[in-house]
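1. structure for the following, please:
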Amino acid sequence: MTGTREEDSKAVQHLQPDLVLFTGSGDGKRDVDGGGEVRIFPPEPATYEGVQEGGGTGLFFSGVSVEKNMDVHLVETKAGNKIVATFWRHPYARFTILYSHGNAADLGQMLDLFIELRAHLRVNIMCYDYSGYGASTGKPSEFNTYNDIEAVYECLKREYGILPEDLILYGQSVGSGPTLHLAARLSRLRGVVLHSAILSGIRVLYPVKMTFWFDIFKNIDKIRVVNCPVLVIHGTADDIVDWSHGKDFGSSQRKKFDPLWIKGGGHCNLETYPEYIKHLRKFINAMEKLSMTRLQAKQANPPPSTMTTSKHNKCLRFGKK
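-> Residues are numbered from 1 along each chain as shown. Predicted coordinates:
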């Protein structure tokens, strides 16, 4: 960028709507154009329902509410928002994937993928809707996505006893932001998957090599402190987030794993390629072997996470309708 500070900061307003539109943070932490907010685009209307049952809020997904291995949670964040999360249990799971989805989707649209991942990878899946998405309350923003994933992680620990060394964080597109936010804070995390991930908001538009003060989702800076294997998946024909983002992630990580470059793959269709599941399974198998080799060296008192538990994080589980 070569314009004035004002011109450069306003340039981020023109990101493709399939991804995100940046106009400032809206919470006082960062203001790009003098009073705006980060605007993300959840699908409207939401693709699943929330209903009132017995004076309380019971949440269910049309057509899958009888799924015996799926729990629905309403998780309160430290910002006071209540977000919807679902836990898909596999009876023989060794790991749990915490999945942060892309921009123009909500949980109702992702159900088939979660069922497929659970079956083929033999893992538990915890997924959630960001503030303002689906039946989650609040407004979408960068900082709310960080609050959201922290609250869901606390729910995983409390409700299911999931340890960091048994957890794989998965971020798709904009979901790479909250994924790397949490990954940078968990020293004993098992692994990370970055699927069509963005280096940062500005870098979606311009191939800059520095991070600007008004940038958002500064993922390229965070991946350098992630202390676990990272699998990068990207399509070579991605016209929303250029393939160069994936390649830069691959060269910046501390613990590398063979990346998956899907020839001809776009931004939103990588799951349809057979090598997608095949390579994910390879990654899961490698993480299992890594766990076995480190089992004897596991410390009795692992170092605590740098993220403190918030008294505001509440996780309510609902019965199935």
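2. surely L199 meets D248?
-> Yes: at 5.7 Å, L199 counts as touching D248 under the criterion of C-beta atoms under 8 Å. No exception for glycine: its C-beta is placed from N, CA and C like everyone else's.
3. contacts only, for the residue most central in space within the chain.
-> Central residue of the chain (C-alpha atoms, centre = their mean): S100, 2.4 Å from the mean position. Each residue near S100 by C-beta atoms under 8 Å, 6 or more residues apart in numbering is listed here: 127-128, 145, 149, 169-172, 175-179.
4. and for H120?
-> So H120 contacts 277, 280-281 (C-beta under 8 Å, 6+ apart).
5. now N69
-> N69 neighbours (C-beta under 8 Å, 6+ apart): 88-91.
6. of these, select the buried ones using a PyMOL command.
-> Selection of the buried residues among those in PyMOL, burial being defined by 16 or more other C-beta atoms under 10 Å:
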select buried, resi 88+89+90
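7. restricted to strands, list the contacts of N69.
-> Among the contacts of N69, the ones falling in strands (DSSP state E) are W88.
8. tabulate the contacts of N69 (a markdown table), appending pLDDT and distance to L290.
-> Below are those laid out as a markdown table (pLDDT from 0 to 100; distance: C-beta to C-beta, whole Å):
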| residue | pLDDT | distance to L290 |
| --- | --- | --- |
| W88 | 95 | 24 |
| R89 | 96 | 23 |
| H90 | 97 | 20 |
| P91 | 95 | 23 |
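9. just the contacts of N69 now: which is nearest Y160?
-> R89 (8.5 Å; C-beta to C-beta).
10. without its sequence neighbours, what residue ends up closest to that closest one?
-> The shortest distance from R89 to any non-neighbouring residue, by C-beta to C-beta, 6 or more residues apart in numbering, is to N69 (4.3 Å).
11. ok, now E288?
-> Among residues not flanking E288 along the chain, R94 sits closest, at 5.7 Å (C-beta to C-beta, 6+ apart).
12. so which bits of the longest helix along the chain are buried?
-> Longest helix in the chain by number of residues, with DSSP state H as the criterion: helix 274-294. Neighbour-count burial for helix 274-294, counted by 16+ other C-beta under 10 Å, picks out 276, 279-280, 283-284, 287, 290.
13. other SSEs contacting that helix?
-> helix 107-121, strand 191-195, strand 229-235, strand 260-262 (3 or more C-beta pairs under 8 Å, 6 or more residues apart in numbering; DSSP states H and E).
14. nearest to Y160, out of these?
-> The nearest among the helices and strands packed on helix 274-294, by C-beta to C-beta, is helix 107-121 at 14.4 Å.
15. could you give the mean pLDDT of that closest one?
-> Confidence over helix 107-121 (mean pLDDT, whole number) is 93.
16. so how far is the helix or strand that that helix is followed by off the chain centroid?
-> Reading on from helix 107-121 to the C-terminus, the next helix or strand found by DSSP states H and E is strand 124-128. Relative to its parent chain, strand 124-128 has a centroid offset of 10 Å by C-alpha atoms, centre = their mean, to the nearest Å.
17. contacting residues around P42?
-> By C-beta under 8 Å, 6+ apart, P42 lies in contact with 103-104, 106, 129-130, 132-134, 140.
18. top of these by neighbour count?
-> Ranked by the number of neighbours (other C-beta atoms under 10 Å), the contacts of P42 place Y130 first, at 29 neighbours.
19. mind telling me what element it is part of?
-> Using DSSP H and E, no helix or strand contains Y130.
20. how far away is it from K278?
-> Y130 sits 29 Å away from K278, going by C-beta to C-beta, to the nearest Å.
21. equivalent analysis for P229, please.
-> 17 Å.
22. H267 now?
-> When distance is defined by C-beta to C-beta, H267 is 20 Å away from K278.
23. now swap in S136 and tell me
-> Applying C-beta to C-beta, the value for S136 to K278 is 33 Å.
24. now swap in R254 and tell me
-> Separation of R254 from K278 (C-beta to C-beta): 25 Å.
25. ditto for W213
-> As defined by C-beta to C-beta, W213 lies at a distance of 42 Å from K278.
26. then I240?
-> Separation of I240 from K278 (C-beta to C-beta): 24 Å.
27. quick one, helices of this protein?
-> Taking DSSP H, the helices of the chain run over residues 5-11, 107-121, 142-160, 176-183, 201-205, 219-222, 243-252, 274-294.
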